[in-house]
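*Asks:* Provided below are the primary sequence and the corresponding predicted coordinates.
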Amino acid sequence: MRTLAALLLLTAVQLNAQPALHIDISGEWRMQRGDDPTYASPSIDDASWVKVELPWTKAIVRENSWLRRQVTIPDWADKSQLVLTLGTISNVYEVYVNGIKIGATGAFSLEAQQIARPRSFPIPATVASQNNPMTIAVRTWHSRLRGGSTSWEVFAEGPYLITDPSGVDPNWPAAAINKRTLRQTPDLVTAAAQLALALMLIIAWVAERKRLELLLLAMYLLVEIIYSTALTLAVGIDTYPWQWGTAMGIGITLRASIFASFCLRSLDFKSRWLYALVWFLAAGMSANPVSVDRPFFFVLAAMTLGIIAYGWWRLARHGTTAEHNIFAVLLLVVLAAQTNRYGSSLGVSNRMVIGRYAWSIHEVMVWVLAFLIALLLLRRLIADRREKLRLAGELEAARVIQQLLLKAPAMREPGLSIEAVYEPAQEVGGDFYYVLDGQLVVLGDVSGKGLKAAMLVTLLIGVLRNTKERRPAAVLAELNNAVAGQIDGFVTCCCARFAADGMVTVANAGHLFPYSEGAAIEVETGLPLGLDAEAVYAETSVVLAKGASITLLSDGVLEAANPKGELFGFDRTGAISTKTVAAIAEEAKAWGQNDDITLVRVWRSA
């Protein structure tokens, strides 16, 4: 009997026990954009408001808005013990029940930004007992801080509940942060991959400093790394200062500006005002700590799109290659990746969830496409390097051939000796000298430098090797006939014939006077070669005394310039003209060589 009585008593207690309260308020809510405080009132008709789903089924709205829902509380529930739990609804918001504010996260100001996580709010008994069904209204706030709102970090997760205190798990906030940290781990992986690529680009740029696009792409990746890593590490911060958002906003601006400059450089835009415009806009927007980051970004993105389109069209007009087309397409896709960063504004998620991890579509696209662009840039760099090596090989071959052509034989007449030196400013030069039949010395200077001038030198040496003339004026006339009307520039030349008795006959075609015993020998001069096919050249005769010498030289000696811009000049040249040609050349080079230096000295023994 006692056992039966105990069982009956236990059954009565269970029948009278109050069940645990658990009301799921996820699912359909109503949303209205704007910030009207009257939206908290239960009397407001929200039937026309937009239907949304919580947890969010699409990216969070990045502007001020209200969310409402009505919930019926069971009659048996203890309304003095109600707790409202909201999941990751937004970063900053206020909660109203039956028109009365019962709590908030942070504050609607720049100084109190917070990271979204599940939060619980006790509902006062006086508020809970006013109406049934109960009206829950949530006023969300978007800071408009440039880069400061981390709303894009809000993941769709609950719980969304009304319970009694026993139904609240105090570990919900920490669990949400840990889960989010784990989900964003791929951002650190992509940042490491981007860093490796950036370092490779910097190394390539150091090897080829003229390829500024390599450095710009590396800078773009480095800014991207800093920006994404900072946001990833900020997930666990509860409240962060508005200066954080200012720095992030500047990062957005800097990243977009570097990318625009990279596009300009990659597509070979020469106009400096375009670069100046990009950075002027960037400086102006970076100076403003609040708002307008997205409007500025989209303006700059539109500008960048125009740059790419125009650059591709310009390349197409000049017979663009398939590589140029691929390059333009890749730039467009990277621009799309930039725009994807703001996909939440369009209600499009910018993260791809795989298992417990959420991969940022933007970060993955940036790395993949930057990698492809880097391959194209490096391919172009390797091709340029090969072309430079090929040209360097050809120039070296031309230099060797030129040196062989300019090798001076001994003078034929007894008692006469000769020495010569040739120091081109580049691999090959436009100066030349030649000794014809051991008697006739010819020294000239082709206008211009480099391979083109060297080819003309080869032509002139060929004429000298085949000429039958031995008179200086006739030799100049034959050289003039060979080049007149065939070249864009001109050639200065001096020709001197040395006899055994010391008689020297000189003809000059616009060249420097010869030097003897420290002074210039004034001779009659004519037009440089190549200007007039009918030009006539006169001859001047002088006597070279025993023990004396005559030095023929190019203007590379006189025009040598020191760091102050002072020329070596006639006086210094005259003062050292009695020295060996090697000594004269060394002094001119030490002063500051900027043109080919050629000297030929003939002296008569005592």
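*Replies:* Structure's in. What do you need? Numbers count the residues shown, from 1 in each chain.

*Asks:* low-scoring pLDDT stretches of the stretch 201-350 of the chain, where are they?
*Replies:* Scanning the stretch 201-350 of the chain for pLDDT under 70 picks out the ranges 235-250, 252, 281-301, 303, 311, 315-316, 318-350.

*Asks:* Geometric centre of the protein: which residue is closest?
*Replies:* Of all residues in the chain, the one closest to the mean position by CA atoms, centre = their mean is residue 216, 1.3 Å from it.

*Asks:* Give the closest residue to that one in space, chain neighbours not counted.
*Replies:* Spatial nearest neighbour of residue 216, chain neighbours left out: residue 262 (4.0 Å); criterion: CB to CB, 6 or more residues apart in numbering. C-beta: built from backbone N, CA, C; applies to glycine.

*Asks:* Look at the one you found and say how many residues are nearby.
*Replies:* 24 (other CB atoms under 10 Å).

*Asks:* ditto for residue 524
*Replies:* Neighbour count for residue 524, taken as other CB under 10 Å: 12.

*Asks:* now do residue 223
*Replies:* 21.

*Asks:* Output the contacting helices and strands for the host helix or strand of it.
*Replies:* Secondary structure from DSSP states H and E places residue 223 in helix 212-233. In this structure, helix 212-233 packs against helix 185-207, helix 242-266, helix 361-405, with contacts taken as 3 or more CB pairs under 8 Å, 6 or more residues apart in numbering; DSSP states H and E.

*Asks:* want to try TSV for the ones you listed, with distance to residue 88 as columns?
*Replies:* TSV is the format used below for the helices and strands packed on helix 212-233 (distance: least, CB to CB, whole Å):
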stretch	distance to residue 88
helix 185-207	18
helix 242-266	19
helix 361-405	20
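
*Asks:* ranking those helices by burial, who's on top?
*Replies:* helix 242-266 (a mean of 22; mean count of other CB atoms under 10 Å).

*Asks:* after the helix or strand of the chain with the lowest mean pLDDT comes which helix or strand?
*Replies:* Lowest by mean pLDDT, DSSP states H and E among the helices and strands of the chain is helix 2-16, with a mean of 45. Counting by DSSP H and E, the next helix or strand C-terminal to helix 2-16 is strand 22-24.

*Asks:* Spit out the contact partners of residue 445.
*Replies:* Each residue near residue 445 by CB atoms under 8 Å, 6 or more residues apart in numbering is listed here: 430, 431, 491, 492, 493, 511, 554, 555, 556, 596, 598.

*Asks:* From these, which land in strands?
*Replies:* In strands, judged by DSSP state E, the following of the contacts of residue 445 are found: 431, 491, 492, 493, 598.

*Asks:* which one among the residues you listed gets closest to residue 422?
*Replies:* Closest to residue 422 out of the ones in strands among the contacts of residue 445 is residue 598 (5.1 Å), distances taken as CB to CB.

*Asks:* picking up where we left off before, among the helices and strands packed on helix 212-233, which comes closest to residue 142?
*Replies:* Among the helices and strands packed on helix 212-233, the nearest to residue 142 by CB to CB is helix 242-266 (11.7 Å).

*Asks:* Confirm that residue 304 sits in a helix.
*Replies:* Yes - checked against DSSP: H, G, I helix; E, B strand; the rest coil, residue 304 lies within a helix.

*Asks:* and the closest residue to residue 414 other than its chain neighbours, how many neighbours does it have?
*Replies:* Leaving aside its sequence neighbours, residue 414 sits nearest to residue 500 (CB to CB, 6+ apart; 6.7 Å). Per other CB under 10 Å, the neighbour tally for residue 500 reads 13.

*Asks:* State the distance from residue 500 to residue 39.
*Replies:* For residue 500, the distance to residue 39 equals 117 Å [CB to CB, to the nearest Å].

*Asks:* okay, the strand or helix carrying residue 587 in CSV with CA atoms only?
*Replies:* Assigned by DSSP H and E, residue 587 belongs to helix 581-592. Taking C-alpha atoms only, helix 581-592 is exported to CSV below (Å, rounded to 0.1, in the frame of the first residue of the first chain):
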residue,chain,number,x,y,z
VAL,A,581,97.2,58.3,-76.9
ALA,A,582,96.6,55.9,-74.1
ALA,A,583,97.3,58.5,-71.5
ILE,A,584,95.1,61.1,-73.3
ALA,A,585,92.2,58.6,-73.4
GLU,A,586,92.5,57.7,-69.7
GLU,A,587,92.5,61.4,-68.7
ALA,A,588,89.4,62.0,-70.8
LYS,A,589,87.6,58.9,-69.4
ALA,A,590,88.5,59.9,-65.8
TRP,A,591,87.0,63.3,-66.5
GLY,A,592,83.7,61.7,-67.6
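
*Asks:* So which other helices or strands are in contact with it?
*Replies:* Of the remaining helices and strands, those touching helix 581-592 by 3+ CB pairs under 8 Å, 6+ apart are strand 416-423, strand 549-553, helix 555-558, helix 569-576, strand 597-604.

*Asks:* Give me the phi and psi for residue 81.
*Replies:* Per-residue torsions, residue 81: phi -130, psi 30 (degrees, to the nearest 10).

*Asks:* Might you report the residue contacts of the nearest residue to it once chain neighbours are set aside?
*Replies:* Spatial nearest neighbour of residue 81, excluding adjacent residues (CB to CB, 6+ apart): residue 164 at 4.6 Å. Residue 164 sits next to 20, 21, 77, 78, 81, 82, 83 when contact means CB under 8 Å, 6+ apart.

*Asks:* any idea how far the closest residue to residue 221 other than its chain neighbours lies from residue 184?
*Replies:* Nearest non-adjacent residue to residue 221, counting by CB to CB, 6+ apart: residue 198, 4.1 Å away. Distance of residue 198 to residue 184, computed by CB to CB: 21 Å.

*Asks:* can you pull the contacts of the residue nearest to the centre of the chain?
*Replies:* With CB under 8 Å, 6+ apart, residue 216 has these contacts: 258, 261, 262, 265.

*Asks:* same question, residue 459
*Replies:* Residue 459 makes contact with 482, 483, according to CB under 8 Å, 6+ apart.

*Asks:* how about whichever strand or helix holds it: buried residues?
*Replies:* Assessed by DSSP H and E, residue 459 sits inside helix 450-466. For helix 450-466, the buried set under the neighbour-count rule, 16 or more other CB atoms under 10 Å, comprises 450, 451, 453, 454, 456, 457, 459, 460, 461, 463, 464.

*Asks:* just stretch 69-77 next, same as before
*Replies:* Across stretch 69-77, burial judged by 16+ other CB under 10 Å covers 69, 70, 71, 73, 77.

*Asks:* Next, give me the two most distant ones among those.
*Replies:* So, the buried residues of stretch 69-77 by CB to CB: farthest apart are 69 and 77, at 17.2 Å.
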